[in-house]
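> have a look at this prediction, sequence included:
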Amino acid sequence: MRYGYFDDAAREYVIDRVDVPVSMTNYLGTQRMGTVISHSAGGYSWLDSPQHHRITRFRPNGVPMDWPGHYVYLRDDENGKYWSLSWQPTGLPLNEARYEARHGMSYSRFLCDYQGISAEQTLFIPREDGTEDPVEIFDVRIRNNSDRERAISVYGYVEFSFHEIDMDNQNFQMSLYAAGSHYEKDAVLCELHYEPNAWQFFAGNFVPDGFDGVREAFIGAYHTERDPQGVASGRLTGSTELGGNPCGALQKKLTLKPGEEKRVLFYLGTGRGDAAEQARQRYDEAGTDRAFEELRRFWDDKLGQLQVKTPHENMNRSLNIWNFYQSEVNVLFSRFSSFIEVGGRTGLGYRDTAQDAMCIPHAEPDMCMKRICQLLHGQMSQGYGLHLFDPAVLEKTEGDGFKSPTVIPEADKKSMLHGLKDACADDALWLIPAIVENVRESGDLSFFDREIPFADEGKGTVWEHMKAALDFSYSQVGAHGVTKGLRADWNDCLNLGGGESAMVAFLLVWATNHFLDAARALGRKEDEEKYTALKERMEETCREKLWDGKWFLRGFTAAGAPIGSQAAREGKVHMESNTWAVISGAADREQGLSCMDSVDEWLYTPWGLMLNAPSFVTLDDSIGFVTRVYPGVKENGAIFSHPNPWAWVAECMLGRGSRAMKFYDALLPENQNDKMEIRQAEPYSYCQFIMGRDHTAFGRARHPFMTGSSGWAYYAATRYMLGIRPGFGTLTVDPCIPAEWDGFTAVRKWRGAEYRITVRNPEHVEKGIRAIRVDGRETAEIPDFGSGTHDVEVVMGNAGKGE
Ligand code: GLC
């Protein structure tokens, strides 16, 4: 069963059955201001931080599921009938009104047809030019399709939030008396009185026929957003109050002749009446059109950095539009603003941010580099990363910011610097490939010599930061010589009780490989030798101590007991150790083939690969918290999406393109568009996890958008399956595809040049290159041209399988 379809030309997902049993969300904003919005216009906005600067309110995990929102209502002033342009909140019977929602690239559009009136509301946030405060625009068009003149009132409505989300949700004895509403220059204002200059506005491109600034006045006692009294009665009351729950409600009365269309604009922004006035001027109808066009161009440019055309339609759709889009949203909003993470935590999760920043440097170089610099600053001089930290706090000097008269628990720098006890063994290791991939993209080798402070004391060059991370990990080894898991490795729930982690050992080898590649590019021989030796020793240890005959162990408990062995009854096979054994190159070929066969045998499902199997059912704290998680849920035997692409990379490294595609296809959201009764989540977004075989809701996906699976899916599919990856001096095109493919084409921009790539597969192999031609000439390597457009033809064959 499906609720919508893909409109690729418009780059939209169209929900034409709006009674979806869950919220299908989208993200607005590409810079400072962000909004997460559902297919029913439910959701909330923030500026810079969803925790410290919330603009509109959301009632998380509530009933109804995604209220309130950024709503527009219409009312027929002759007969008093009213409705919203998104299906909710009024929720008219769908046999009487026709509704559709379209989620596009940083905008969402809600369309409605009712009683001879068709109308639409487009929500988007224009890109600011650096001097303006951001504004969200509600672009509303209303058309009279009936054959008589109509008197229609249009209402825009938002509920404001206190800036500090903790106070907004918990400390009502304060928040209810420190926020108030005003009316100034035809705009409703929300003021946060304790904070200097803390104002929000809601305005229209018109002189309102009515307004309300007090939520209770607009909604009315015993009413809800479904039947707000202000709309039902056709009369807003002109309310404002110092204190209470501020809202922005504006009414505009229109008359529409038969066939006539009118346009009304609403603005939600930061500042007072003057700021509203500026928004009105800047974003009049022509300004709004310009801003929307600019947003389109922004996405044309981003997506245009890599476009592919393969025989696989959903793969094209995903890589050319949705998977990239999701990865970009992750880098921008770094994980803490969704309907699941509702803004109670901000800052950067070390490992998640590093991985996000590794995956899309070709199209988001500035933001990826900004994140990397923040993470470098969030690294302790001992080498490990601060697991969760707020870069703003690290950079903060004493005395800036707003002083609340009540105590708001505030992260201060000292309390953010945690010790070894709270260090996760993988965090800082992810930063090394992230840095190296970004430099491979830009070619800016000088970045390695840039000085950046450590979180606690001193500073070092980026190169020294990388060495600190490696030195730390090579020194943190347990009894078997394998790296310790410390508080946890990538798997938050598999704490190994202080034991040793195979995953970290392999990740360390992989990070070292990236480091060595950079060392060679820089000619840093001494480092090359030192870290090659360390790496080789670790590889040997892994091959010996972690091999269990058919697959690799997941690690050892503190007492030295193996986790993830053939002898175990629960948690026998794990994704992390087996995929990383191959990706790192530490496994020999026989081991690699065998362990990935075990992944296929034990972990494959038609919805993707489970993280481990069978799920743990016996509580065992020496293994970790995972044994306390319900079987088939999250880290205990669910299809945890993030590691799935690791298996695609591993299969590509083994040369098995059909196997990689089998795994890719199972997880691909776009493939599940007609299975929504089971998936119950956006078919255009990877989700954090999908319930596993051991759960009654097997196949149900949860937590869309904010997940590392997105960046990794993009990285694995483009760099390993399609095989297009930049190096320090050359571009590699080394695909691993299903044998039946005749080939594919791609356009990849790199360092100022455009590469028009054609891959041909006349012998129908899965991997191997027979010939490369660049601009018609046979060559061994694809050079860094620096400018111009270049034709690259890659003929697969011969070399056959394997690396
Ligand atoms: C969540 C966390 C991530 C962790 C993963 C597995 O996605 O954000 O950091 O690696 O769970 O536990």
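In hand now; what should we look at? Numbering: from 1, shown residues only.
> in space, what's closest to the residue nearest the centre of the chain - neighbours in sequence excluded?
Residue closest to the average C-alpha location in the chain (CA atoms, centre = their mean): N330, at 2.7 Å. Spatial nearest neighbour of N330, chain neighbours left out: D356 (4.7 Å); criterion: CB to CB, 6 or more residues apart in numbering. For every residue, glycine as well, the C-beta is placed using N, CA and C.
> tell me which residues touch that neighbour, please.
Neighbouring residues of D356 by CB atoms under 8 Å, 6 or more residues apart in numbering: S327, N330, V331, S334, R335, R371, G708, G711.
> unless I'm mixing things up, the second one is touching G711, no?
When you say that, I think you mean N330. Yes: the criterion here is CB atoms under 8 Å, and N330 meets it with G711 at 6.1 Å.
> the ligand contacts on the chain?
G349, R351, D352, W490, N491, D492, C493, E635, Q688 (CB under 6 Å from any ligand atom).
> repeat that for 5 Å
Contact residues, the chain versus the ligand (CB under 5 Å from any ligand atom): D352, W490, N491, D492.
> residues contacting the closest residue to the ligand within the stretch 401-550 of the chain?
Residue of the stretch 401-550 of the chain nearest the ligand, by CB to the nearest ligand atom: D492 (3.5 Å). Contacts for D492 (CB under 8 Å, 6+ apart) come out as F625, E635.
> same check on H103?
Residues near H103 by CB under 8 Å, 6+ apart: E12, Y13, I15, M24, T25, N26, H39, Y684.
> now, the residues you listed that are in strands?
Secondary structure defined by DSSP state E assigns E12, Y13, I15, T25, N26 of the contacts of H103 to strands.
> how about the contacts of D356 in a markdown table, adding secondary structure and pLDDT?
Formatted as a markdown table, the contacts of D356 follow (DSSP: H, G, I helix; E, B strand; the rest coil; pLDDT from 0 to 100):
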| residue | secondary structure | pLDDT |
| --- | --- | --- |
| S327 | helix | 98 |
| N330 | helix | 96 |
| V331 | helix | 95 |
| S334 | coil | 83 |
| R335 | coil | 76 |
| R371 | helix | 96 |
| G708 | helix | 95 |
| G711 | helix | 98 |
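> quick one: low-confidence ranges for the stretch 1-150 of the chain?
130-131 (pLDDT under 70).
> tell me how many other residues surround the residue in it positioned nearest to the ligand.
Nearest residue of the stretch 1-150 of the chain to the ligand (CB to the nearest ligand atom) works out as P50 at 16.0 Å. P50 is flanked by 26 other residues according to other CB atoms under 10 Å.
> surely it meets T346?
Yes: contact criterion CB under 8 Å: P50 and T346 qualify, at 6.4 Å.
> give me the common contacts of the two.
Here P50 and T346 have F336 as joint contacts, going by CB under 8 Å, 6+ apart.
> A505 and H480 touch, don't they?
No: look at A505 against H480 with CB under 8 Å: they stay out of range, at 9.5 Å.
> show me which of these two is the more surrounded one.
Ranked by neighbour count (other CB under 10 Å), A505 and H480 place A505 first, with 33 against 20.
> got a list of what D588 touches?
R543.
> let's see that with 10 Å instead.
Counting by CB atoms under 10 Å, 6 or more residues apart in numbering, D588 touches E539, R543, W547, A581, S594.
> how near is it to V477?
Distance, D588 to V477, using CB to CB, to the nearest Å: 22 Å.
> helices of the stretch 401-550 of the chain, residue ranges please.
413-416, 427-442, 462-475, 502-522, 525-545 (DSSP state H, counting those that start in this stretch).
> do the same with the stretch 651-800 of the chain
657-667, 676-679, 708-715.
> could those helices go into CSV alongside mean neighbour count?
Shown next, in CSV, are those (neighbours: other CB atoms under 10 Å):
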stretch, mean neighbour count
helix 657-667, 22
helix 676-679, 18
helix 708-715, 27
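> which among those is found nearest to L189?
Nearest of those to L189, taken as CB to CB: helix 708-715 at 37.7 Å.
> against which helices or strands is that closest one packed?
If contacts are counted by 3 or more CB pairs under 10 Å, 6 or more residues apart in numbering; DSSP states H and E, helix 708-715 sits against helix 323-333, helix 350-359, helix 427-442, helix 644-654, helix 657-667, strand 687-690.
> hmm, which two among the ones in strands among the contacts of H103 are most spread apart?
E12 and T25, at 14.2 Å, using CB to CB across those.
> in the stretch 651-800 of the chain, what residue comes closest to the ligand?
For the stretch 651-800 of the chain and the ligand, the shortest gap (CB to the nearest ligand atom) falls at Q688, measuring 5.5 Å.
> next, count neighbours for the nearest residue to that residue once chain neighbours are set aside.
Residue nearest to Q688 in three dimensions, not counting chain neighbours: H703, with 3.6 Å by CB to CB, 6+ apart. Using other CB under 10 Å, H703 has 20 neighbouring residues.
> cool, R554 as well?
Going by other CB under 10 Å, the residues that sit close to R554 add up to 32.
> report the contact partners of it.
Applying CB under 10 Å, 6+ apart, the residues near R554 are 485, 489, 491, 494, 496, 499-503, 546, 548, 562-565, 568, 571-578, 612, 623.
> so how far is the ligand from the residue nearest to it when sequence neighbours are not counted?
Leaving aside its sequence neighbours, R554 sits nearest to G564 (CB to CB, 6+ apart; 3.3 Å). G564 sits at a distance of 16 Å from the ligand (criterion: CB to the nearest ligand atom, to the nearest Å).
> contacting residues around G564?
494, 502, 546, 548, 551-556, 570-578, 612, 623.
> ok, the residue of the stretch 1-150 of the chain closest to the ligand touching F339?
No: at 11.6 Å, P50 and F339 do not qualify as touching, with contact defined as CB atoms under 10 Å.
> which residues are common contacts for the two?
Common neighbours of P50 and F339, using CB under 10 Å, 6+ apart, are V36, Y44, F58.
> of those, just the buried ones, PyMOL syntax please.
Restricted to buried positions by 16 or more other CB atoms under 10 Å, the PyMOL selection for these reads:
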select buried, resi 36+44+58
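> switch the shared contacts of P50 and F339 over to a markdown table; also include secondary structure.
Listed next are those as a markdown table, based on DSSP: H, G, I helix; E, B strand; the rest coil:
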| residue | secondary structure |
| --- | --- |
| V36 | strand |
| Y44 | strand |
| F58 | coil |
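> list the beta-bridge partners for the closest residue to the ligand within the stretch 201-350 of the chain.
Across the stretch 201-350 of the chain, no residue is closer to the ligand than G349, which sits at 5.5 Å (CB to the nearest ligand atom). As for beta bridges, G349 partners with L388 under DSSP bridges.
> S381: how many residues sit nearby?
17.
> my read is that it contacts I452, right?
No: the criterion here is CB under 10 Å, and S381 misses it with I452 at 11.6 Å.
> between those two, what contacts are shared?
Joint contacts of S381 and I452 (CB under 10 Å, 6+ apart) are K459, G460, E464, H465.
> sorry, back to before: among the helices of the stretch 401-550 of the chain, which comes closest to A666?
Closest of these to A666 is helix 502-522, at 21.9 Å (criterion: CB to CB).
> now that closest one against helix 644-654, angle please.
60 degrees (axes from the mean of the first three to the mean of the last three CA atoms, to 10 degrees).
> and helix 502-522, how far out from the chain's middle?
Once both centres are worked out by CA atoms, centre = their mean, to the nearest Å, helix 502-522 turns out to sit 26 Å from its chain's centre.
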